[in-house]
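**Q** attaching a predicted model along with its sequence, questions to come.
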Amino acid sequence: MDRVVGGGLLPLVLTGVGVLLLYRILLRLKPGTSVQGAVVVITGASSGLGKECAKAFHAAGARLVLCGRDAARLQQVVQDLKGSSTDQQKQTFTPCAVIFDLAKADTVDKAAEEILKCFGRVDILVNNAGVSYRGNIVDTHMSVQRDVMETNYFGTIALTQALLPSMIQRHSGHIVVISSVQGKLAIPYRSAYAASKHATQAYFDCLRAEIECFGIPVTVISPGYIRTNLSINAVTGDGSKYGVMDKTTESGWDPRDVATTVLKAVRHRSKDVVLAGLLPSVAIYLRTLWPALFFKLMSSRARKIRNQQKPKNE
Ligand SMILES: NC(=O)C1=CN([C@@H]2O[C@H](COP(=O)(O)OP(=O)(O)OC[C@H]3O[C@@H](n4cnc5c(N)ncnc54)[C@H](OP(=O)(O)O)[C@@H]3O)[C@@H](O)[C@H]2O)C=CC1
Ligand SMILES: CCCCCCCCCCCCCCCC(=O)OCC(=O)COP(=O)(O)O
């Protein structure tokens, strides 16, 4: 009897998995909704992934509102987009730039008003801006823990909450956030960054459930390493700039490919996208299914990094 049940179950499970895979492939092949004419706000658009997202959404015909702290670099992106040649069939729009610091809580509401004035509404908010961190917890000033949280978490949610009422009123909109693989697993010497990305994941998961009834989807994107200036711009435990292009960053994903994935995720209204290689993907499952092993691996990773940093005579 057991053999009959077991023998019948395997083909059933395999067929189920096959059908599910086929369904996912078919979904990916669908073009999804168009962003032509949509008003898309991108934070951190002056560099790296944000800049590439700006190029991808501009080429797709979106009306862009680009945000960042550095007016000159942001204006340069606007000029580059204006001068870029795109598909002649597609109508493109001159982007608008709004300059503000996400870490300064009192400026975000005013910035949101300015953003809304650009094109009269916001259809898609891409929360991309962020800063990383390198340091060991015992030597890290509390002010650094707070600063990273201010930019990556509080600034991001403040802008989201400032723009949300106008979306709810129209029963239309889309909220996107660029989190990280480190929003799903915490690795040593990244406390401030990993904590800010875990908080981000939690907040936007709550938001997704709360605003689905208004027809507003929430997309959380969790990439692995991307070739940008993130490590160079990272802060250390005493608040100074790390200033190094890490090998992991240098050999990361091409930001243009990640931007294409972001655009696809928006078109398909995806809920949660992990863009990572095999090891981080396995590690995410391991953290839930076999935490003891995951913690052991992380301790050994911490030990290895500590030994590499020790002066030779110690
Ligand atoms: N690179 C990577 O390996 C990975 C990156 N990510 C995430 O991708 C996102 C983009 O980072 P990436 O392009 O890699 O890094 P970059 O350092 O190249 O870009 C960061 C952007 O964020 C903006 N920014 C930083 N702090 C603030 C602030 N206080 N207020 C407003 N804007 C700010 C910067 O603009 P400006 O300085 O002009 O103000 C800049 O445009 C981040 O959220 C990051 O966590 C996720 C996974 C991997
Ligand atoms: C039995 C098989 C075990 C296999 C599991 C091995 C565990 C491997 C650990 C993998 C850790 C991956 C960390 C990836 C981190 C990452 O991609 O972060 C993306 C970023 O946000 C980069 O920011 P950073 O400032 O850290 O450069």
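**A** Good, I have the coordinates. Ligands and ions are numbered 1, 2, ... in the order given.
**Q** number of nearby residues for C53?
**A** C53: 31 surrounding residues under other CB atoms under 10 Å. The way it works is simple: take the backbone N, C-alpha and C, and place the C-beta from them, glycine included.
**Q** the one 10 residues further on too?
**A** The burial metric for R63, expressed as a neighbour count using other CB under 10 Å, is 25.
**Q** tell me what it is bridged to.
**A** V39 (DSSP bridges).
**Q** cool, the one 5 residues further on as well?
**A** With DSSP bridges applied, the residues forming beta bridges to G68 are I99.
**Q** measure it to ligand 1 for me?
**A** Counting by CB to the nearest ligand atom, to the nearest Å, the gap from G68 to ligand 1 is 4 Å.
**Q** can you tell me the SS state at the residue lying closest to G44 once chain neighbours are set aside?
**A** Excluding its sequence neighbours, the residue lying closest to G44 (CB to CB, 6 or more residues apart in numbering) is A129, at 3.0 Å. Secondary structure for A129, judged by DSSP: H, G, I helix; E, B strand; the rest coil, is coil.
**Q** A129 reaches T43, doesn't it?
**A** Yes. Counting by CB atoms under 8 Å, A129 does reach T43; the two are 3.9 Å apart.
**Q** what sits in contact with each of those two?
**A** 50, 67-68, 102, 156 (CB atoms under 8 Å, 6 or more residues apart in numbering).
**Q** save those residues as JSON lines, and put in pLDDT and distance to T92 too.
**A** Shown next, in JSON lines, are these (pLDDT from 0 to 100; distance: CB to CB, whole Å):
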{"residue": "G50", "pLDDT": "98", "distance to T92": "18"}
{"residue": "C67", "pLDDT": "98", "distance to T92": "19"}
{"residue": "G68", "pLDDT": "98", "distance to T92": "20"}
{"residue": "L102", "pLDDT": "98", "distance to T92": "27"}
{"residue": "T156", "pLDDT": "98", "distance to T92": "27"}
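**Q** from those residues, list the buried ones, please.
**A** Neighbour counting by 16 or more other CB atoms under 10 Å classes 50, 67-68, 102, 156 among those as buried.
**Q** now distance to F214 too, for those, in TSV please.
**A** TSV is the format used below for the buried ones among the shared contacts of A129 and T43 (distance: CB to CB, whole Å):
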residue	distance to F214
G50	26
C67	24
G68	29
L102	25
T156	20
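**Q** for these, which two are the farthest from each other?
**A** G68 and T156 (13.7 Å; CB to CB).
**Q** ok, stretch 128-147 near ligand 1 or not?
**A** Yes. On the criterion CB under 6 Å from any ligand atom, stretch 128-147 is in touch with ligand 1 at 128-131.
**Q** how far does that stretch sit from the chain's center?
**A** 18 Å (CA atoms, centre = their mean, to the nearest Å).
**Q** for ligand 1, what's its nearest residue on the stretch 101-250 of the chain.
**A** G130 (2.5 Å; CB to the nearest ligand atom).
**Q** show me the contacts for that residue.
**A** 44, 151-152, 156, 178, 196, 230.
**Q** what's the separation between it and ligand 2?
**A** Taking CB to the nearest ligand atom, one finds G130 at 8 Å from ligand 2.
**Q** and stretch 179-191, end to end?
**A** The first and last residues of stretch 179-191 sit 15 Å apart, counting by CA to CA, to the nearest Å.
**Q** for stretch 273-284, same thing?
**A** 13 Å.
**Q** tell me, what residue is most central in the protein?
**A** I178 (1.1 Å; CA atoms, centre = their mean).
**Q** just give the closest residue to that residue, not the sequence neighbours.
**A** Using CB to CB, 6+ apart, the closest residue to I178 is N128 (4.5 Å).
**Q** that neighbour against G44, yeah?
**A** Yes. Counting by CB under 8 Å, G44 is a contact partner of N128 at 4.5 Å.
**Q** what do these two both touch?
**A** G50.
**Q** residue ranges in the stretch 1-150 of the chain under the pLDDT threshold?
**A** 1-7, 25, 27-29, 31, 86-88 (pLDDT under 70).
**Q** need the contact list for S172.
**A** 123, 215-216.
**Q** identify, from those residues, the entry nearest to ligand 2.
**A** I216 (26.0 Å).
**Q** neighbours of the closest one, just the number please.
**A** 21.
**Q** now the nearest residue to it once chain neighbours are set aside: phi and psi?
**A** Nearest non-adjacent residue to I216, counting by CB to CB, 6+ apart: G173, 4.6 Å away. Here is the backbone geometry of G173 (degrees, to the nearest 10): phi 150, psi 180.
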